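S.K.: Take a look and give me a structure for this.
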Amino acid sequence: MEVQIADLIQNALKARTPFPSVEEVRQRLGTGADVRKEAPTVGVFLKSWLAAKPDLAEGTRTSYAGHIRKYLVPQLGKIRLDRLKSSQVEAMFEWIEANNEQILEARESEDAKVRASVQGQRVVSLSTKQRIRATLRSALSDAVRSPEDPVNVNVASYARLPSCPRKRPLVLTPGRVERWEKGGTVPGG
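M.R.: Next up, the predicted model:
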């Protein structure tokens, strides 16, 4: 352990980089990780995590890859894995929601160019946000279990996200169908 800390100090001096904080060294020693090895960024970790999962169903792999490419890497990718906080995960979801609002506003614009600028872009639903968080949570669970990664808390589990309300399906009774066919509204739907 002392050798690792001495090597860490020597490497920082050679590279002319700041020393890690005492708390960071304690945390990394507590996880059993080699303190001399710098933690990867979230982006690097997620890409290697997905590549190391050969047994995923193709649809699941495609879904994970999309979440990583569209949301997780652009918003969290440059953060060191051991420095990721739940507040940063929540900020990513706030960014997604702000982007949703921009798409909806542009769709309602009087300007055809503004409407065309969001053509083909989809609003990210609450259930998709839950799946994005589930992707990150799964990856971070593997990081917590790994002795090489200096992570001991899955911050995605603590990130607040509104629950996804389930919509009750409308049963089309003969009376409702008849009213709809006559051009009226369908009660309860």
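
S.K.: any idea which helix is longest in the chain?
M.R.: Looking across the chain with DSSP state H, the single longest helix is helix 86-107.

S.K.: Give the residue spans of the protein that score low on pLDDT.
M.R.: 1-12, 20-37, 162-167, 184-189 (pLDDT under 70).

S.K.: about what we covered before: C-alpha coordinates for the longest helix of the chain, PDB please?
M.R.: C-alpha atoms of helix 86-107 as PDB (Å, rounded to 0.1, in the frame of the first residue of the first chain):
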ATOM      1  CA  SER A  86     -26.100  11.500  -8.600                       C
ATOM      2  CA  SER A  87     -26.600  15.200  -9.100                       C
ATOM      3  CA  GLN A  88     -24.700  15.000 -12.400                       C
ATOM      4  CA  VAL A  89     -27.000  12.100 -13.500                       C
ATOM      5  CA  GLU A  90     -30.000  14.200 -12.500                       C
ATOM      6  CA  ALA A  91     -28.600  17.200 -14.500                       C
ATOM      7  CA  MET A  92     -28.400  14.900 -17.500                       C
ATOM      8  CA  PHE A  93     -32.100  14.200 -17.200                       C
ATOM      9  CA  GLU A  94     -32.800  17.900 -16.800                       C
ATOM     10  CA  TRP A  95     -30.900  18.500 -20.100                       C
ATOM     11  CA  ILE A  96     -33.000  15.800 -21.800                       C
ATOM     12  CA  GLU A  97     -36.200  17.500 -20.500                       C
ATOM     13  CA  ALA A  98     -35.000  21.000 -21.700                       C
ATOM     14  CA  ASN A  99     -34.300  19.400 -25.100                       C
ATOM     15  CA  ASN A 100     -37.800  17.900 -25.100                       C
ATOM     16  CA  GLU A 101     -39.200  21.400 -24.500                       C
ATOM     17  CA  GLN A 102     -37.200  22.900 -27.400                       C
ATOM     18  CA  ILE A 103     -38.500  20.200 -29.700                       C
ATOM     19  CA  LEU A 104     -42.100  20.800 -28.700                       C
ATOM     20  CA  GLU A 105     -41.700  24.600 -29.000                       C
ATOM     21  CA  ALA A 106     -40.100  24.300 -32.400                       C
ATOM     22  CA  ARG A 107     -42.900  22.000 -33.600                       C
END
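
S.K.: quick check: domain ranges of the protein?
M.R.: Domain ranges of the chain: 1-38, 39-165, per automatic domain parsing.

S.K.: which of those sits most buried?
M.R.: Highest mean neighbour count among the domains of the chain (mean count of other C-beta atoms under 10 Å): domain 39-165, with a mean of 15. Just so you know, the C-beta spots here come from the backbone N, C-alpha and C atoms, and that holds for glycine as well.
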